[in-house]
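>>> how would this look folded up:
(one chain, ligands or ions: 1)
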Amino acid sequence: MSFAFDPFAAAVDADPFPYYKILRDEYPCFWSAEAGMWVLSRYADIVVALNDWQTYSSAQGNMMTELPNRAGSTLGTTDPPRHDRLRGLIQHAFLKRNLEAMAEPMRAIAKMVLVAVREREQFDFLEDFSSKFTVRVLFAVLGLPLGDEKQVRDQAVLMVQSDPVTRQKGPAHLAAFAWMTDYAAKVIEERRRQPQDDLISLFSQAEIDGDKLAEREVLLTTTTLIMAGIESLGGFMAMLALNLADHAAARRRLVAEPTLIPDAIEESLRYNTSAQRFRRCLQRDVTLHGQTMRAGDFVCLAYGSGNRDERQFPDPDSYDIDRKPKGHLGFGGGVHGCLGGAIARMACRIAFEEFLDALPTFRRVEAQLPWMPSSTFRSPLRLQLART
Ligand code: HEM
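Below you'll find the model as predicted:
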């Protein structure tokens, strides 16, 4: 029987792991005709690619289905030296903010959002908790004006999705991107006129050796930061909640010992990260496992598969909060490793400290979850939980 791997298929959204296992064992360098790209699924091969940006370039876009005009103008879609310059400027802006000072505001946001959740016997973890929490945290970190949270969140979620039939970005996804770009342009303009103590003000004025960011870079990078920040974090929190609903013993340990929450976060980033697959474009021919990939071909780096590679992580399909998985690919790696990793880890820890305190026992309501149609990210569209 011939094997097919279509990263756009609904069956892959729902459960990519059996496909990944076949890919790793039998087709470690696989041409997916459906996606029109190669797929690398073994941990070691992905790490080599991440550390060789000269060969595996991001400058043609890094999302599996890329949004228009992003390639070449954002952190995730440029190569060094342009990428390093951008990253340096943004990191400079991030460093000026004291992340630790965000801890108490984040906790206050979590407590506030949980007030309504506490009253309910059943609720949607995404709609009622993680989305509301994440969007408010990102608004605080970036310095976005309050009032537009719901719309911004809805558009961010649409931006990372694809049309399940055509597999491409459809009109709604493109309109969301256009909406977000306009929105970011307005905020940047306001902050330029009246700088405040927030990340976008710092970022739009960031300068290294007299080198200001170009207008377009500020705009598209801000747009991407909003999308990446809101969607990746909200989706990841849902995956962690799902893991705790499905692994009651782990949940009970976290309730009894909240200091273990960071370990559960790292294991969830390995076990079923929300950022499953990104792509690169080859700059030269590469022969791997007997297959020759040509310069100009796209290559999918399946982080979610590398994280389940038994060659790297023993007993990879078990969710084990004591594992402390060093070098997992949940945040990618190499020059493009997630810039928001520290914020994401802190926000997630605080959110779950508060969540588990408010709801120490819960179960999931639906055995079959509706999964987001996205070839890059993976999280449920809703996660109904009930108190037990
Ligand atoms: C748990 C939540 C998150 C996950 C799982 C995640 C995952 C990732 C991954 C896998 C990449 C690498 C993409 C590639 O290889 O092309 C990445 C890059 C990036 N992430 Fe995150 N992310 C999260 C949260 C955030 C947050 C909260 C922010 C912003 C505040 C953020 C901003 C970025 C940026 C700017 C990049 C591009 C970095 C570069 O190319 O130099 N992420 N993220």
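>>> gap between the longest helix along the chain and the chain center?
For the chain, the helix with the greatest residue count under DSSP state H is helix 171-193. From the chain centre to the centre of helix 171-193 is a distance of 20 Å (Cα atoms, centre = their mean, to the nearest Å).
>>> just stretch 223-241 next, same as before
Relative to the centre of its chain, stretch 223-241 is centred 5 Å away, using Cα atoms, centre = their mean.
>>> who in the chain is up against the ligand?
Within the chain, the residues that sit near the ligand (Cβ under 6 Å from any ligand atom) are 58, 62, 75-76, 87, 225, 228-229, 232-233, 236, 273-275, 278, 303, 330-332, 336, 338-340, 343-344. In short, each C-beta sits where N, CA and C put it, glycine included.
>>> on that earlier part again, helices or strands up against the helix or strand following the longest helix of the chain?
As assigned by DSSP states H and E, the chain's next helix or strand after helix 171-193 is helix 199-205. Applying 3 or more Cβ pairs under 8 Å, 6 or more residues apart in numbering; DSSP states H and E, one finds that helix 199-205 makes contact with helix 82-96, helix 131-142, helix 171-193, helix 215-227.
>>> how big is the angle separating the second one from helix 171-193?
In other words, helix 131-142. Using axes from the mean of the first three to the mean of the last three Cα atoms, to 10 degrees, the inter-axis angle of helix 131-142 relative to helix 171-193 is 30 degrees.
>>> and what of the last one?
In this structure, helix 215-227 runs at an angle of 120 degrees to helix 171-193, with the same axes, to 10 degrees as the basis.
>>> Would you mark the buried spots in helix 215-227?
In terms of neighbour count (16 or more other Cβ atoms under 10 Å), helix 215-227 has its buried residues at 217-227.
>>> Asp25: neighbouring residues, count only.
12 (other Cβ atoms under 10 Å).
>>> Where does it fall, secondary structure wise?
With DSSP H and E as criterion, Asp25 is part of helix 17-26.
>>> which helices and strands does that helix pack with?
Checking 3+ Cβ pairs under 8 Å, 6+ apart, helix 17-26 ends up next to helix 303-306.
>>> which other helices and strands contact the helix it packs on?
So helix 303-306, by 3+ Cβ pairs under 8 Å, 6+ apart, packs with helix 17-26, helix 43-50, strand 277-282.
>>> Convert the C-alpha atoms of it to CSV, please.
Taking Å, rounded to 0.1, in the frame of the first residue of the first chain, the C-alpha atoms of helix 303-306 are listed here in CSV:
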residue,chain,number,x,y,z
TYR,A,303,8.8,19.7,15.0
GLY,A,304,5.9,17.7,16.4
SER,A,305,7.4,14.6,14.9
GLY,A,306,11.0,15.3,16.0
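>>> Name the next helix or strand downstream of it, please.
helix 341-358.
>>> Can you list the low-confidence ranges for the stretch 51-200 of the chain?
95-97 (pLDDT under 70).
>>> if you set the cut-off to 80 instead, what comes out?
67-70, 73, 89, 92-98, 160, 164-168, 197 (pLDDT under 80).
>>> need the contact list for Leu240.
264-265, 268, 348, 352 (Cβ atoms under 8 Å, 6 or more residues apart in numbering).
>>> angle of the helix holding Asp25 against helix 43-50?
Going by the same axes, to 10 degrees, helix 17-26 makes 90 degrees with helix 43-50.
>>> Need the contact partners of helix 17-26.
So helix 17-26 is contacted by 3, 5, 12, 30, 39, 41-42, 302, 304-305, 308-309, 311, 317 (Cβ under 8 Å, 6+ apart).
>>> pLDDT for those residues - can I get that in a markdown table?
Below are those laid out as a markdown table (pLDDT from 0 to 100):
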| residue | pLDDT |
| --- | --- |
| Phe3 | 94 |
| Phe5 | 95 |
| Val12 | 94 |
| Phe30 | 98 |
| Val39 | 98 |
| Ser41 | 98 |
| Arg42 | 98 |
| Ala302 | 98 |
| Gly304 | 98 |
| Ser305 | 98 |
| Arg308 | 98 |
| Asp309 | 98 |
| Arg311 | 98 |
| Asp317 | 98 |
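>>> For those residues, pick the one with the most neighbours.
Ser41 (29 neighbours).
>>> and among the helices and strands packed on helix 303-306, the most buried is which?
Ranked by mean neighbour count, these are led by strand 277-282 with a mean of 23 (mean count of other Cβ atoms under 10 Å).
>>> May I have that one exported as CSV, CA atoms only?
Presented in CSV, the C-alpha positions along strand 277-282 are these (Å, rounded to 0.1, in the frame of the first residue of the first chain):
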residue,chain,number,x,y,z
ARG,A,277,5.3,22.3,11.4
PHE,A,278,7.1,25.2,9.7
ARG,A,279,8.8,25.3,6.3
ARG,A,280,12.1,26.3,4.8
CYS,A,281,13.3,26.8,1.2
LEU,A,282,16.4,24.9,0.0
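>>> which other residues reach that strand?
With Cβ under 8 Å, 6+ apart as the criterion, strand 277-282 contacts 7, 37, 49, 55-64, 76, 293-304, 332, 375-376.
>>> among these, which ones are buried?
Applying 16+ other Cβ under 10 Å to those flags 7, 37, 49, 55-64, 76, 293, 297-304, 332, 375-376 as buried.
>>> Which members of these occur in strands, if any?
37, 56-57, 293, 298-302 (DSSP state E).
>>> out of everything not next to it in sequence, what's closest to the residue in the stretch 251-388 of the chain that the ligand sits nearest to?
Proximity of the stretch 251-388 of the chain to the ligand (Cβ to the nearest ligand atom) peaks at Gly340, 2.2 Å away. Nearest residue to Gly340, sequence neighbours excluded (Cβ to Cβ, 6 or more residues apart in numbering): Gly229, at 5.8 Å.
>>> Thought Ser305 was touching Arg378, still the case?
No. The pair Arg378 and Ser305 does not pass the contact test of Cβ atoms under 8 Å, sitting 11.8 Å apart.
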